[in-house]
Structure formats: C-alpha cells, structure tokens
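Chemist: From the sequence below, what's the structure:
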Amino acid sequence: MGYDITYHPIHKKDIEDLYINALENKEVIKTVCNTHNIESSYTDKYKHIIETALNVVSSDYFDATHGYYIANIHGLLHQYYYIRGGAFSFLFDYYPKYKAYTLPWKSLLPDFDFKQRIANKINTNFSSGVYISVEGVKKLLDDYNTNPVVKTELDCHFSDGRITVFLKALEAAKSQNRGLLEATEVIEPNPLDLTKSTCYSDIRNAFPEGIELYQATSKHQVSEVLENNNDSVQKDKIDNLESNYRMIITTFFDNLNSQLNPEHYFDILRTQYPYTYKIDFVIGWGYLELNKTNLAIEYFKKVITSGKDNFYIYHLLGDAYTQARDYENAIKSYQKSLVLYPFYELNHIRIGDIYEYKQQWENAKTAYKNAIDINPGKPEYFNNLGVYLTKLNDKKTAIAYYQKAVAMKPTYYDANKNLAWEFFKVNALEQSKNICQEAIKNLDKKGPFYDLLGRIAERENDHNNAIDYYTIAIKNYPYQPEPYCSLMLIYQNKGQHKEALVLINNCIDKNPYYAFGFYRRAKLYSKLKQFENSKNDYLKAIELGDLTANTYTSLGYVYAVGFKDSRNAIEAYNNALKLDPNYEMAYTNMASEYWLLGEQEKAIQCLEKLIARQPNCEIALLNKGIYQRKLKRYKESTDAFHTVLKYNPNHIKALINCAYNFYNSKLYKEAISYFEKVIALDVNYFNAYNYMALAYYYLENDIKAIECYTEAIRINPNKESLHFNRGLCYEHLKKYEAAKLDYEKELTINPAHEKAKKRLINL
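Modeler: Numbers count the residues shown, from 1 in each chain. Here you go, the predicted structure:
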C-alpha cells in the first residue's frame with residue numbers, strides 16, 4: 001500500500017477545542033458542528049471517532065489512534081493539503097536534521113495523559129506523522145528560500161510537482177500562525193472518481209491542486225502502463241516518456257514497503273525508457289531506499305562508469321557505503337563529491353557523522369568546521385561542534401560554540417541544554433542557573449532545566465530547593481524520567497529507601513521503555529539485598545538497550561554476591577569487557593570469581609590482561625601481588641608491588657605486602673626495612689610492629705623485638721600472644737622478673753594459654 005499524505009494547519013488550541021474537550025464532554029461535538037455548519041453524516045463520523053478514541057488501549061501507538069483521529073476530525077472541518085506519497089517523515093532516515101523543525105506530541109500536549117508508545121513520525125498507514133511546530137513552519141520556509149541545500153533536498157524529496165503543494169501547506173500554516181500536522185490515509189481518493197474517498201475526512205476540504213496532481217499521475221494510469229507492457233507495445237502509446245518515467249518511479253517509491261517485487265518496475269523502466277544511466281540511477285536509489293546496499297552501490301558505479309557522474313551521485317554512493325558500514329569508502333565518496341562541488345555542505349556533515357559514530361572526535365570536529373565555512377548560518381552545526389569539543393575535554397571552546405548556537409537561535413533546546421550542562425560541569429553554577437531560568441521562561445520543553453536546577457541546588461548543598469525543583473519537574477513533566485532518578489538518589493542517600501522505591505516505580509510506570517530507570521531500581525534493590533529483583537531489573541535494562549560495561553558489571557556483582565553464582569558472574573563481566581575492554585572493575589571482579597572457583601591461573605590472567613592495557617593500574621597490580629603471595633610466588637608478587645611503588649612510593653598497602661613477602665621468604669632484614677617504611681607513614685600500624693618483632697626474634701635481636709612488641713601492645717593491649725612473645729624475649733635476656741610479669745598478663749588475657757602456664761612454672 002502507498003501513502004496518501006495530508007497536511008493539516010493546526011494549533012495546540014485547535015486540538016484541545018476539537019478533540020480533547022470532546023473526549024471529556026461529547027456535547028462539544030454538537031457545538032463544533034453547529035459552528036461549522038457541517039452535514040449530519042460528518043457529524044456522525046465525528047461522534048464515531050470520539051467514541052472509538054474513548055476505547056483506545058495502551059498497547060496501540062498514539063500516532064495510529066489519537067494522532068490519526070485528530071487529523072481526521074480536522075479534515076472534516078477545515079481545509080488541508082493532500083500530497084500522494086509526499087511524507088515529511090520519510091526525510092528523517094537520510095536527513096535527521098529535519099527533525100529539528102518538528103515538535104514531539106509530549107511537548108505539544110504536555111497535559112495530555114499519554115499512556116501509549118509514540119513514534120512521532122509515520123511508521124504505518126492510517127496514522128499521524130510529524131507535527132511541524134509553529135516556529136518550525138516559519139524556519140522551514142525561510143531555509144527553503146535562503147539555503148540551496150535545503151531547497152535541493154526538499155525538491156528531490158517532494159518531486160514531480162509535489163513541492164508546490166507542500167510549500168502552500170507551509171504558507172497556509174504560517175499565515176494562520178499554526179503548525180502543520182502530517183497524517184496518512186485521512187482520505188484515499190478514488191482514482192476513477194476523485195470527488196470521492198474512503199476514510200473519514202471530507203475530500204472537499206482537500207486543497208484542489210494536490211488532488212489534481214494525483215489525477216495526473218494516478219496509480220490507475222500507472223497500472224495501465226505496467227499491465228499493458230509487452231514487446232508489442234509501441235512508443236506511440238506513451239504520450240510523454242519523461243511523464244511515464246516519473247510516473248513509474250513515483251509508483252515504485254510509493255510501494256517500497258509493500259511486498260511487490262521492485263524488479264517489476266525496473267523491467268518496465270528498461271523497456272519504456274531509453275536513457276540507461278538514468279534508469280541505473282533510479283534503480284540504485286531504489287535499492288538504497290530498500291536497504292539493499294550492495295545492489296545500490298553496483299548501480300551507482302554503473303552510472304559513474306558511464307561517464308554521467310556528478311557530485312550528487314557520489315553523495316548517494318557515500319550514503320550507500322555508509323549504510324553498508326563501509327565507512328572508509330563512504331568518506332572517499334563524499335570527498336569525491338566535494339571535489340566536484342566543494343560547496344555541498346551535507347558531505348562534510350555526513351563525514352562528521354561517520355567520525356562521530358567512530359568516536360573520532362577530532363576528525364568529526366574538523367568536518368563540521370568545514371561545513372560551517374560553507375554555511376555559517378546553521379546553529380546546529382555550532383552545537384555539534386560543542387559536543388565534539390566536550391568529548392575532547394576542551395570545555396572552554398565547547399561553551400563558546402554552544403553560546404554561538406544559542407545566540408543564533410535563542411529557542412534552540414539542545415544548545416541551551418548543552419550550554420547549561422557544560423557550565424554545570426565546570427562548576428560555573430550561576431551561569432548554568434541563569435540559562436536554565438531563561439530556558440524555563442522561553443522554551444516549551446522545560447523539564448530538563450528543572451532537573452538541572454535541582455542538581456545545581458544539590459551541589460550547593462541546598463537539598464530542600466533540589467527536592468522542590470525535582471518535584472516540579474515530576475509534577476509538570478511526569479514522562480520525563482531524569483528528575484525521578486535524581487530525587488530518588490536524594491532519598492536513597494538519606495536512607496529513605498521506601499520513598500526512593502516509590503519514586504523509581506512511578507518513573508518506570510510512566511516510562512516502561514526507560515532502560516536507565518530499570519538500572520537505577522536494580523541498584524536500589526541490590527543495596528537492599530533484594531537480589532532476585534535486582535537481577536531481573538538489570539536484565540530488563542539490558543533488554544531495553546542499556547548495553548554498558550557498568551550495567552553488565554553490576555549484574556555480575558549481583559550474581560556473585562547475591563547468588564554465589566560465579567559462572568554467571570563471569571559471563572556478565574565478559575559481556576562488560578566486550579563493550580569496554582578497558583573496564584577495570586570487570587577484570588578485577590572476574591579475577592575474584594575465578595579465584596573463588598579455585599581457578600587461580602585464570603584469576604591472575606584476568607589481572608595481567610588489565611595490566612597490559614593499564615600498566616599502572618593499582619588495584620590490578622595489588623590483587624595480582626596478593627594472589628601470587630597466596631600461591632607462595634614471592635618474587636612475582638614482590639615485582640607487582642614494586643610496580644605500584646614505582647608510581648606511588650608511599651603506597652602503604654604495597655609496602656606492607658612487600659614486607660610480608662620478604663618475611664615469608666625468611667629475608668628478615670629486607671622485611672624489617674619495609675615494615676619501618678610502613679611505620680614511618682602510620683605509627684599505629686599494628687601488623688607492622690607485630691611482624692617486625694617476629695623478624696627481630698628470628699634474627700635473635702631480642703632487644704629490638706621487645707621494642708616492637710611494646711609498640712604492638714600499646715596499640716592493641718589485649719591481643720593474645722603479644723605478652724607471651726615479649727616474655728620469651730625477656731627470658732632470653734635473663735630478665736626473668738619482666739618475663740614473669742608478661743606471662744602473668746598473658747594468662748589474664750587467655751587463662752587457657754598452656755605455654756604461658758608452663759613458662760611461668762619454669763620461672
């Protein structure tokens with residue numbers, strides 16, 4: 001099935017008056033119909049739409065229900081614009097920038113109780129599509145008239161005269177100070193009688209030029225050409241080669257999503273049309289639309305080989321390579337396009353987007369700078385540059401670019417949000433606060449700015465204001481999930497786990513596809529030791545696309561601690577490392593699980609892999625040293641600790657472990673030197689004194705041993721065996737009275753100490 005597209009000049013207030021109020025009170029229907037003096041049959045249709053709308057279920061898409069019904073009711077009452085196959089939504093697949101002209105339903109109708117998924121574009125027949133905002137209408141018209149790239153792209157998309165109707169729809173919306181709602185199958189003109197239509201709206205309200213254009217290239221006429229085609233068909237049966245060429249192409253593109261074999265149309269083109277390179281071009285374009293990228297590349301190359309190449313064919317070839325993820329050839333094709341036409345900025349943008357995908361921020365930055373050199377009038381280019389500079393940690397320059405984008409377009413949501421966040425990140429809280437407050441005054445989408453004001457208040461230790469801001473955001477923007485999570489953390493940090501759980505449950509109820517919400521709740525469940533719930537939420541977050549090393553590592557922790565399931569924990573840690581091969585915690589946690597399983601070599605190998613990537617990783621080096629010490633590989637263990645000390649000579653844990661290694665190797669003098677370094681850093685380090693005393697004892701230096709035991713007793717006077725060991729040293733020195741006192745003290749600490757009893761009797 002093709003798409004019968006309509007465009008409806010409509011304002012938020014129109015939607016409230018004609019639809020939302022009618023849902024709440026059916027008497028509105030009578031008032032509206034009387035005001036517009038419409039026929040009774042259309043009044044019945046109006047009533048039927050509202051009755052249907054009252055029974056919508058949450059599993060349906062909003063666009064295929066409420067959005068579609070709004071367009072139908074508008075078409076019963078007001079003029080609208082019909083364009084066969086001319087869907088603005090379909091631009092987004094290749095030119096995502098056009099989304100900037102649109103406004104999501106949740107922003108258009110913030111008070112509507114959305115309980116459904118929303119596509120905010122055409123995904124199916126019988127559906128609403130995008131809503132081009134009031135400002136978007138004006139901006140799109142202005143860009144079409146002043147920006148040759150926008151004009152080229154729209155002219156190509158709304159081909160065969162359809163651009164004229166689309167521009168008139170925009171002009172009508174602009175003159176009425178309304179936005180423009182896209183929909184499909186609001187009417188379906190009968191090709192045999194274009195005064196009639198299936199579906200609900202009044203076809204008489206359709207702007208006549210769009211209907212006439214459809215009549216000129218109707219599917220009925222195209223089908224005659226296609227059905228009657230055979231070897232005997234003579235060219236004199238076709239009035240105009242170019243007309244039929246366009247007609248067949250239009251039908252092909254209208255039916256891209258159907259089950260019809262595209263080769264059928266291509267065969268007709270080959271038979272009916274003499275210009276091979278143009279046929280190859282449209283076939284390549286068709287295959288590109290069908291995501292059959294190898295075939296698209298093949299046909300684009302045929303056009304180029306024929307000598308008919310130009311900048312645009314290389315641009316499309318670049319798109320095909322991009323779709324095939326052959327980014328090297330994609331960039332080469334876009335660069336070739338630039339050689340032929342250096343001022344086609346979209347090539348730079350495509351190159352920049354590839355580098356963005358590959359996270360090569362410096363190259364992405366260069367590409368967007370080149371685009372700005374060609375067209376310095378696009379605030380989104382400056383905003384994207386700011387994003388790349390943020391990634392490159394050049395915060396000062398990033399802020400300058402965001403400020404430029406905001407200066408060019410004060411209502412640019414992304415630039416305002418990015419600028420406010422960047423000031424927040426550099427702790428310029430007053431500037432961040434000012435931007436948020438201005439955005440709340442001037443922008444339709446306010447929720448994220450309330451959320452950021454809450455974070456600013458938290459950083460200023462003003463928790464009461466933070467709670468107020470988050471509460472406002474939640475109350476007025478209940479489908480924005482971030483404030484729930486922020487407020488939840490405040491409650492969680494205060495130990496108010498019940499309140500935190502209520503908040504995150506509300507967040508997930510309203511945003512059932514918000515992966516981070518499940519992640520955040522999983523964290524809370526883990527803290528509460530509700531490990532089954534935690535595991536299920538981590539798995540749900542992953543299912544919804546939260547594919548981060550942190551999430552998999554957190555899941556691994558739940559398996560390890562909550563279920564003592566080392567194998568599943570290890571699998572989760574491995575998944576984390578597939579996403580981020582440098583994720584430190586996944587390596588160390590996985591090493592711990594292998595150690596618990598008795599697979600000591602695998603545990604050490606995990607740590608060595610991390611050390612190979614991060615040679616100065618303290619936790620990996622320390623754990624490796626400890627594992628090696630437990631395996632009595634004292635040299636390897638000491639080497640690991642010495643590497644830590646190379647980067648941090650006063651690392652007390654590395655020093656004490658080196659001391660233990662020398663002690664266990666009976667290298668007592670070396671051990672003592674390290675124990676002394678530990679004591680120099682911490683005069684109350686009990687184990688250093690205790691083991692150093694033993695080392696001196698084995699070296700038969702009883703005087704030094706007594707000094708160390710005395711310090712150990714000072715720190716822990718009731719520790720068993722300390723007095724007994726010091727008594728032995730006194731006895732060796734024939735200080736029997738001191739020895740006797742120590743043995744007696746030992747027996748007050750541990751009356752069952754048999755050796756102390758025996759030594760005391762001997763004395």
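Chemist: List the backbone torsions phi and psi for residue 80.
Modeler: Reported as degrees, to the nearest 10, the phi and psi values for residue 80 are phi -140, psi -180.
Chemist: what comes up buried for the strand or helix carrying residue 713?
Modeler: Counting by DSSP states H and E, the secondary-structure element that holds residue 713 is helix 702-715. Within helix 702-715, the residues that count as buried by 16 or more other CB atoms under 10 Å are 702, 704, 705, 706, 707, 708, 709, 711, 712, 713, 715. Using the backbone N, CA and C atoms, a C-beta is placed for each residue, glycine as well.
Chemist: just curious, which of these is nearest to residue 406?
Modeler: Using CB to CB, residue 715 is the member of those that sits closest to residue 406, with 60.9 Å.
Chemist: List the residues that contact that closest one.
Modeler: 684, 686, 689 (CB atoms under 8 Å, 6 or more residues apart in numbering).
Chemist: Pull out the buried members of these.
Modeler: 686, 689.
Chemist: Compile the contacts of residue 715 into TSV and extend it with columns for secondary structure and pLDDT.
Modeler: As requested, those are exported to TSV (DSSP: H, G, I helix; E, B strand; the rest coil; pLDDT from 0 to 100):
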residue	secondary structure	pLDDT
684	coil	96
686	helix	96
689	helix	97
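Chemist: before we move on, back to that, quick one: contacts of the very next helix or strand once past the helix holding residue 713?
Modeler: Sequence-wise, the next helix or strand downstream of helix 702-715 (DSSP H and E) is helix 722-732. Residues from elsewhere that reach helix 722-732, judged by CB under 8 Å, 6+ apart: 690, 693-694, 697, 700, 702-703, 705-706, 709-710, 712-713, 716, 736, 738-743, 745-746, 749, 753, 755-756, 759, 763.
Chemist: are any of these buried, and which?
Modeler: If we count by 16+ other CB under 10 Å, these have these buried: 690, 693-694, 697, 702, 705-706, 709, 712-713, 738-740, 742-743, 745-746, 749, 753, 756, 759.
Chemist: re earlier: list just the nearest of the buried residues of helix 702-715 to residue 95.
Modeler: Using CB to CB as the measure, the one of the buried residues of helix 702-715 that approaches residue 95 most closely is residue 715, at 71.6 Å.
Chemist: Let's test this: name the helix or strand in this protein with the lowest mean pLDDT.
Modeler: Counting by mean pLDDT, DSSP states H and E, the weakest-scoring helix or strand in the chain turns out to be helix 219-227, with a mean of 39.
Chemist: On the pLDDT front, check the closest residue to residue 660 other than its chain neighbours for me.
Modeler: The shortest distance from residue 660 to any residue other than its chain neighbours is 6.6 Å, reached at residue 629 (CB to CB, 6 or more residues apart in numbering). According to the model's per-residue confidence, residue 629 sits at a pLDDT of 93.
Chemist: repeat for residue 595
Modeler: Taken from the predicted model, the pLDDT recorded for residue 595 is 96.
Chemist: Find the helix or strand that it is a member of.
Modeler: Going by DSSP H and E, residue 595 is part of helix 584-596.
Chemist: Beyond the helix or strand hosting the residue nearest to residue 660, next helix or strand please.
Modeler: Secondary structure assignment for residue 629, by DSSP H and E: helix 618-630. Downstream of helix 618-630, the first helix or strand assigned by DSSP H and E is helix 634-647.
Chemist: Which strands and helices lie in contact with that next one?
Modeler: helix 618-630, helix 652-664 (3 or more CB pairs under 8 Å, 6 or more residues apart in numbering; DSSP states H and E).
Chemist: for the stretch 301-450 of the chain, which spans come out with low pLDDT?
Modeler: By pLDDT under 70, the stretch 301-450 of the chain contains no weakly predicted segment.
Chemist: at 80 what do you get?
Modeler: Within the stretch 301-450 of the chain, the ranges that satisfy pLDDT under 80 run 307-310, 341-344.
Chemist: which residue ranges form the helices in it?
Modeler: Listed from the start of the chain, the stretch 301-450 of the chain has helices (DSSP state H, counting those that start in this stretch) covering 311-323, 327-340, 345-357, 361-374, 379-391, 395-408, 413-425, 429-442, 447-459.
Chemist: And for the stretch 1-150 of the chain?
Modeler: Listed in chain order, the helices found in the stretch 1-150 of the chain under DSSP H, counting those that start in this stretch are 12-15, 21-24, 27-36, 40-53, 68-77, 105-108, 134-146, 148-157.
Chemist: All set now, cheers.
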